[in-house]
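1. Need a 3D model of the sequence below.
(one chain, ligands or ions: 2)
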Amino acid sequence: MKITRIETIPFAIPYRKPLRFASGEVHTAEHVLVRVHTDSGLTGIAEAPPRPYTYGETQESVVAVIDRIFAPQLLGLSALERETVHARLDRTVGNPAAKSALDMALWDILGQAAGVPVSALLGGWTDRMRVSHMVGFAPAGDMVAEAARIRETYGITTFKVKVGRTPYTDDVAACRALREALGPDVELYIDGNRGWTAAESARALREMADLGLTFAEELCPADDVLGRRWLVERCAVPFIADESATRPAEVTRELLGGAATAISVKTARTGFTASQRVLYQCEGLGVAVVMGNQIDGQIGTLCSVAFGAAHRSSSRYAGELSNFLDMTDDLLAEPLSVVDGHLRVREGAGLGIVIDPGKLARYRQDG
Ligand code: MUC
Ligand code: MG
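-> Ligands and ions are numbered 1, 2, ... in the order given. Model (predicted):
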């Protein structure tokens, strides 16, 4: 199972409806398909969704760092030598989406070699996850209409509402409109993508105290060290660290520093190997984990549900697994579907990713 070649294929698929949030917006999925080939004939597949606004990675940087820095260090290693793979990748700081796609592609190879699903190898807890849908910035009435449509069409009853705008009262009004329109049975939580100050966040939380929010995520920058700690002490619900906790060491720093009381795990950012380290860390410390979404396509979402469903603690809360619903198309030969508010783990050995060659030819951007 020696790695013989690593392919990086940039592709672009437009969104039907862009996602807008406090730190940016996404109109087109400009992702990179990563294929790791081995001398045993097995090929592992994964997808890297760069998020320039958040991590500084771009489609071009993902291709360049894999082709020029990572691939030369991995060729010749066995897919089983994951510790060595990570020791080499981690010589380079940053580049989380590029590293994660390589990691997940290697797990895909291991699953195929063993003849079992990766989700079973990771933990095998359950075969599906409850789905949470992300509602991006729009006028309050449009946000309500979108959530109602998603509930009606897919049976989804958990919504993460993007907040962090100025004035914060617009977001408070949108959350109130969502609660009033959707009723007491839906779960609502908020994500500020660092858009508010600690003081604005505290005021907004106070004004939304009657809305029964389940979580609050990254409302203000974690770099506002004392302000954020002050806010988290006053927050009545678990405060999720997302982009401030992208590696096990950052998770330690945020949790022990009092800057967070729950963690968002994104396989697009920590693959399977580091996501499992983060998950076990959170279990040991007794804090909740939510499976987040880095605005993944269907390949990334398939990876996320494989990981989330594999463990009791990562499947406890609804996972953010529905951003792909807003894309005009995707690369999978057999598309994912959300039914009765749930997404199932794909069956078959490895990750079960089968690419439609016609779609890849249509969307790839490398000639
Ligand atoms: C989220 O949870 O923040 C927005 C930017 C990003 O990297 O992920 C999304 C969703
Ligand atoms: Mg977030």
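2. which SS state does H27 fall under?
-> H27 carries the three-state label strand when classified by DSSP: H, G, I helix; E, B strand; the rest coil.
3. List the backbone torsions phi and psi for the closest residue to it other than its chain neighbours.
-> Leaving aside its sequence neighbours, H27 sits nearest to P18 (C-beta to C-beta, 6 or more residues apart in numbering; 4.4 Å). Heads up, the C-betas are built off the backbone N, CA and C, glycines and all. Note on P18: backbone dihedrals following degrees, to the nearest 10 are phi -70, psi 150.
4. Then the one 4 residues further on?
-> Main-chain dihedrals, A22, degrees, to the nearest 10: phi -60, psi -30.
5. Now do the same contact list for it.
-> When contacts are counted by C-beta atoms under 8 Å, 6 or more residues apart in numbering, A22 touches 137, 162-165, 192-196.
6. Around ligand 1, pick out the residues from the stretch 151-300 of the chain.
-> The stretch 151-300 of the chain comes close to ligand 1 at residues 191, 193, 242, 292-295, as judged by C-beta under 6 Å from any ligand atom.
7. Please identify the one among those residues that lies nearest to ligand 2.
-> D242 (3.5 Å; C-beta to the ion).
8. give me every residue that touches that closest one.
-> D242 neighbours (C-beta under 8 Å, 6+ apart): 191, 193, 217-218, 264, 266, 292.
9. measure the closest residue to G123 other than its chain neighbours to ligand 1 for me?
-> Counting by C-beta to C-beta, 6+ apart, G123 lies nearest to A310, which is 3.7 Å off, once chain neighbours are set aside. For A310, the distance to ligand 1 equals 21 Å [C-beta to the nearest ligand atom, to the nearest Å].
10. if you look at the contacts of A22, which of them are in helices?
-> The members of the contacts of A22 all map outside helices under DSSP state H.
11. if you go through the stretch 201-350 of the chain in chain order, where are the helices?
-> Along the stretch 201-350 of the chain, counting by DSSP state H, counting those that start in this stretch, helices occupy 225-234, 248-256, 267-270, 273-285, 298-308.
12. count of neighbours near P139?
-> Neighbourhood size, P139 [other C-beta atoms under 10 Å]: 12.
13. Show me the domain layout of this protein.
-> Under the assignment automatic domain parsing, the domains of the chain span 3-115, 120-344.
14. which ones are touching the closest residue to L351 other than its chain neighbours?
-> In space, L351 comes closest to D108 once its chain neighbours are excluded; the distance is 4.4 Å by C-beta to C-beta, 6+ apart. Neighbouring residues of D108 by C-beta under 8 Å, 6+ apart: 36, 44-46, 118, 350-351, 353.
15. Could you check how far the closest residue to R165 other than its chain neighbours is from A236?
-> The spatially closest residue to R165, leaving aside those adjacent along the chain, is D171, at 5.4 Å (C-beta to C-beta, 6+ apart). Counting by C-beta to C-beta, to the nearest Å, the gap between D171 and A236 amounts to 17 Å.
16. of those two, who's got more company?
-> Neighbour comparison, D171 and A236: the larger count goes to D171, with 27 against 10 (by other C-beta under 10 Å).
17. Now the strand or helix carrying that one: average pLDDT?
-> For D171, the host element (DSSP states H and E) is helix 168-182. The pLDDT scores in helix 168-182 average 98.
18. Next, the buried residues of it.
-> By 16 or more other C-beta atoms under 10 Å, the buried positions in helix 168-182 come out as 168, 171-172, 174-175, 177-179, 182.
19. Could you do stretch 154-163 as well?
-> 154, 156-163.
20. which one is E233 nearest to, not counting chain neighbours?
-> Per C-beta to C-beta, 6+ apart, closest to E233 is G258, 6.9 Å.
21. List the contacts of that neighbour.
-> 229, 232-233.
22. how far away is it from V237?
-> For G258 relative to V237 (C-beta to C-beta), the value is 15 Å.
23. ok, back up a step: any idea which of the contacts of A22 is the one closest to ligand 1?
-> N193 (5.2 Å; C-beta to the nearest ligand atom).
24. Sweet, I'm off.
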